[in-house]
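> Sharing a model prediction with you, sequence too.
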Amino acid sequence: MYVVDIVRQVGNKTISSRGFVRNPAQIEALINSGVLEVTVDLSRSRLEDESLSPEEASTSPHATRSDRHQEAGTLRIRRLYKEARSLQVKLLSQLKQGEPIDIAPLAQVAEEMVDTMFTHGDAMLCLARIRAKDAYLMEHSMNVAILLANFGRYLGLERATLQELTLGGLLHDVGKIMTPDAILNKPGKLTEEEFAVMRHHVVHSREILGETPGITPIMLEVAGNHHERLDGSGYPLKLKGDELSLYSRMSGIVDVYDALTADRVYKAGMQPTQAFRILLKGAGSHFDAELVQKFIKCLGVYPVGTLVQLSNQKLAVVIERNHQEPLKPLVKVIYHAAARHYLEVKLLDLARPGTTESIEAVVEPRDYDIVLDRFIP
């Protein structure tokens, strides 16, 4: 295609505003340089210019081994994410209309999500960092499902159990469809009466899923017990200690972690490291201490999707964990913090011999007007 003008751009990097964009790598380079919108002259554009030859693909600076492996699963992951969201919308619509729900299609997606977690786990976790304030209910359920699958895999649970946990995560908050939007999306602290209504969503979830064919005990535990706490301070049944199974304890940790790191209409999400501190503070009282430690270890010191500042003042997104050297993950360099402009995207393996850069801090994307969704997975 032939670009005649750059309409919108973030950052200060100077970019030529006219010329042919001939392949996906060039489009990606424009996006990563901060270009948000361009004007295209269709009369001067040729479809054949937009294809990327095998030679170009193999010699592209972006086509590293790790990058190609990640891209191989990205389309499948995004399809699964889109399909799950669509099925959730349909399911919630059926509930609103008082119709019976069929979980079979969502169960199939859950099975595929587990399969993909084994082949492209880090890319799946990156996708769980994508946030939309106006779709919290569905985003939260998706993220809880992804995080439960990852956590269960780390704990060595059987694949069939992982599928139940994943589907349980996708369905764990269905009862919130009965909660008034005014309470669900209230931009402020709930009153005692409102909080009582909010707490009742767990009861609604149990009732809905209890009448749904195909729901297993594990799924019911995820939906019914994710607000219970080890010391009995949770709700709705105030279960404690041995009354809470492994799956109930896992879902409680995962649900809180995602809620803490999520952007809402009334608050900005916190960094994973901050959420870890809160989980550790509640370890032994609210949460199973051993499971909290394992959950943090399974996500890593720098969870995928985290924006970090390197020792050279550049900002990068964590793309892959390094279980052998947790402080040296694979990152995608995207921005210069000092110059405050986007950079040409480059993958950097901090564990590679000879690499001099290191992570100095975790930073907030909003402080630099960076939209991470553009760079993950």
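Done, it's in.
> Grab the nearest non-local neighbour of residue 237.
residue 228 (6.6 Å; CB to CB, 6 or more residues apart in numbering). C-beta here means a position set from N, CA and C on the backbone, and glycine is covered the same way.
> right, and the one you found touches residue 241 too?
No. Under the criterion of CB atoms under 8 Å, residue 228 is not in contact with residue 241, lying 10.5 Å apart.
> where does the residue nearest to residue 237 fall, phi/psi-wise?
phi -80, psi 150 (degrees, to the nearest 10).
> Compare residue 228 and residue 241 and say which is more crowded by neighbours.
residue 228 (25 against 8; other CB atoms under 10 Å).
> Tell me how far residue 250 lies from residue 96.
Distance, residue 250 to residue 96, using CB to CB, to the nearest Å: 30 Å.
> Please identify which of these two sits among more neighbours.
residue 250 (28 against 10).
> Surely the more buried one is within a helix?
Yes. Counting by DSSP: H, G, I helix; E, B strand; the rest coil, residue 250 is found in a helix.
> Show me what counts as buried in the host helix or strand of residue 276.
Assigned by DSSP states H and E, residue 276 belongs to helix 272-282. Buried residues in helix 272-282, defined by neighbour count with 16 or more other CB atoms under 10 Å: 272, 275, 276, 279, 282.
> ok, now stretch 78-90?
For stretch 78-90, the neighbour count (16+ other CB under 10 Å) marks 80, 81, 83, 84, 85, 87, 88 as buried.
> Contacts only, for the fourth one.
It stands for residue 84. Taking CB atoms under 8 Å, 6 or more residues apart in numbering as the criterion, residue 84 is in contact with 106, 109, 113, 142, 145, 170.
> List the contacts of stretch 256-268.
So stretch 256-268 is contacted by 128, 131, 133-134, 136, 139-140, 143-144, 147, 185-188, 269-272, 274-275, 278-279, 282, 287, 295, 366 (CB under 8 Å, 6+ apart).
> Go ahead and build a PyMOL selection from the buried members of those.
For the buried members of those, the matching PyMOL selection, counting by 16+ other CB under 10 Å, is:
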select buried, resi 128+131+136+139+140+143+144+147+269+270+271+272+275+279+282+287+295
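> Now go through the contacts of stretch 256-268 and say which are in strands.
Among the contacts of stretch 256-268, DSSP state E puts none in strands.
> Out of the contacts of stretch 256-268, which sit inside helices?
Residues of the contacts of stretch 256-268 located in helices (DSSP state H): 136, 139-140, 143-144, 147, 272, 274-275, 278-279, 282, 295.
> what's around the residue nearest to residue 313 when sequence neighbours are not counted, how many residues?
Spatially, and ignoring its direct neighbours in sequence, residue 313 is nearest to residue 338 (4.5 Å; CB to CB, 6+ apart). Counted with other CB under 10 Å, the neighbours of residue 338 add up to 8.
> now residue 240
Residues contacting residue 240 under the criterion other CB under 10 Å number 14.
> Residue 354 too?
Neighbours of residue 354 using other CB under 10 Å come to 4.
> how close does it get to residue 336?
22 Å.
> next one: residue 149
Counting by CB to CB, the gap from residue 149 to residue 336 is 36 Å.
> Check residue 74 too.
26 Å.
> The two: who's more crowded?
residue 336 (18 against 15).
> Identify the farthest-apart pair in the buried residues of stretch 78-90.
Greatest spatial distance among the buried residues of stretch 78-90 (CB to CB): 80 and 88, at 12.3 Å.
> ok, longest helix in the protein?
Per DSSP H, the chain has its longest helix at helix 65-96.
> mean confidence for that helix?
Computed over helix 65-96, the mean pLDDT rounds to 78.
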